[in-house]
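Q: with the sequence up front, the predicted model follows.
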Amino acid sequence: MTAEAVSLEMEPPSLPDWITPPPEGFKAEDLDHIPDLPAHTELIDGSLVLVSPQAAFHTLAVDLLVTGLRGAAPKDLRVRREMSVILASDQRPEPDICVITAGADEGPGQTFYRAEDVVLTVEVVSPDSRTRDRDRKPVLYARAKIPHFWRVENQWAKPVVYVYELDKVTDSYVATGIFHDRLKLTVPFDIDIDLTEIERI
């Protein structure tokens, strides 16, 4: 084997161009045009955030809440999972669940929703997303005037739902309840979800 062949074999794989952000950061619309971008990549503060593989609890909690929300949502609302929401030119997170107005649904080719069409966002906290889900994203959702936010924590393999409502004067969320076994609410619409059902999914 020649020295040239050894050199070629040892050459590290090249990184995609998008691994280095532009000086001004990425923009929300860039996510639809960056080639080979991993699925579920988010844009937070102009930087790309790659998502780690999710544990079973995350999938089960999302399934449980999506089923409950779809069964309760009025006809003028739609429940969607893992769709990005444009909050600002440099903010395009992907909540685990969002509830949107029916008029915001443009069909199967749609890749994002706009903040003004979102009624509720839900984040199921994962080990790699704790800081974003607990601290950064709620601030961004509130500034974008999304009326309702839920944070779901894993407590001994059972979901605990922290419910928040927007204070329209301060554009910040106010905690309105913590729910362990049963999630029963009257806003944004009547909701009654047995959280213990996660054990039987």
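A: Arrived safely.

Q: can you give me the helices in this protein?
A: For the chain, helices defined by DSSP state H occupy the ranges 3-10, 56-72, 130-131, 137-143.

Q: tell me which of those helices is the most buried.
A: Burial among the helices of the chain, expressed as mean neighbours by mean count of other C-beta atoms under 10 Å, is greatest for helix 137-143, which shows a mean of 20. Where you see a C-beta, it was placed from the backbone N, CA and C, and this is true even at glycine.

Q: which elements pack onto that helix?
A: Under the contact definition 3 or more C-beta pairs under 8 Å, 6 or more residues apart in numbering; DSSP states H and E, helix 137-143 sits against strand 118-124, strand 148-155, strand 172-179.

Q: same list, the helices of the chain, but as a markdown table with mean pLDDT please.
A: Converted to a markdown table, the helices of the chain look like this (pLDDT from 0 to 100):
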| stretch | mean pLDDT |
| --- | --- |
| helix 3-10 | 54 |
| helix 56-72 | 98 |
| helix 130-131 | 96 |
| helix 137-143 | 98 |
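
Q: so which of these is nearest residue 124?
A: Ranking the helices of the chain by proximity to residue 124 (C-beta to C-beta) places helix 56-72 first, at 4.8 Å.

Q: quick one: contacts of that closest one?
A: Around helix 56-72, the neighbours that count as contacts under C-beta atoms under 8 Å, 6 or more residues apart in numbering are 79, 81, 96-97, 99, 122, 124, 126, 150, 152, 154, 157, 159, 183, 189-193, 195, 197-198, 201.
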